[in-house]
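Peer 1: Sequence and predicted model, in that order:
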Amino acid sequence: MIDNLKKFATRLKELRLEKGYSQKQLANLIKCPPSLISYYESMQKEPGFTYILALCEVLGETPDYLMGVTDYRGV
């Protein structure tokens, strides 16, 4: 479980930076407090289903990739 949370945190930050978003910009796009993105990236909080789907939509990736279930992007 910790490994998947670590993968999620790492992939979230990588995808956010790839898209050129600050934490605040990403938070605005998924309608959450900016601190939540920081908590996710530092593994202080686990994401809920609604935010996982919102992040996937904004970042253009699948939940399986973002959550570390698969290493294949965009499948």
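Peer 2: Noted; the coordinates are in hand.

Peer 1: Now do stretch 11-18: distance to the chain's middle.
Peer 2: Taking the mean of its C-alpha atoms, stretch 11-18 sits 7 Å from the chain's own mean (CA atoms, centre = their mean, to the nearest Å).

Peer 1: how about that stretch: buried residues?
Peer 2: Using 16 or more other CB atoms under 10 Å as the burial criterion, the residues of stretch 11-18 that qualify are 11, 12, 13, 15, 16. Where you see a C-beta, it was placed from the backbone N, CA and C, and this is true even at glycine.

Peer 1: And those, which is closest to residue 4?
Peer 2: For the buried residues of stretch 11-18, the closest approach to residue 4 (CB to CB) belongs to residue 11, at 10.2 Å.

Peer 1: secondary structure element for the closest one?
Peer 2: Using DSSP states H and E, the element containing residue 11 is helix 2-19.

Peer 1: in the protein, which spans are helices?
Peer 2: All helices of the chain, identified by DSSP state H, fall at 2-19, 23-30, 34-41, 49-59, 63-66.

Peer 1: for this protein, what are the low-confidence residue spans?
Peer 2: By pLDDT under 70, the low-scoring segments of the chain are 1, 75.

Peer 1: In space, not sequence, find me the middle residue of it.
Peer 2: What sits nearest the mean C-alpha location of the chain, by CA atoms, centre = their mean, is residue 12, with 3.5 Å.

Peer 1: Tell me if I'm right that it and residue 65 touch.
Peer 2: No: in this structure, residue 12 sits apart from residue 65 without contact. The criterion is CB atoms under 8 Å, and the distance is 10.8 Å.

Peer 1: contacts for stretch 33-43?
Peer 2: With CB atoms under 8 Å, 6 or more residues apart in numbering as the test, stretch 33-43 has contacts from 5-6, 8-9, 12-13, 16, 23-24, 26-28, 44-45, 47, 51.

Peer 1: and what of stretch 59-67?
Peer 2: In this structure, residues lying in contact with stretch 59-67 by CB under 8 Å, 6+ apart are 4, 7-8, 11-12, 15-16, 19, 52-53, 55-56, 69-75.
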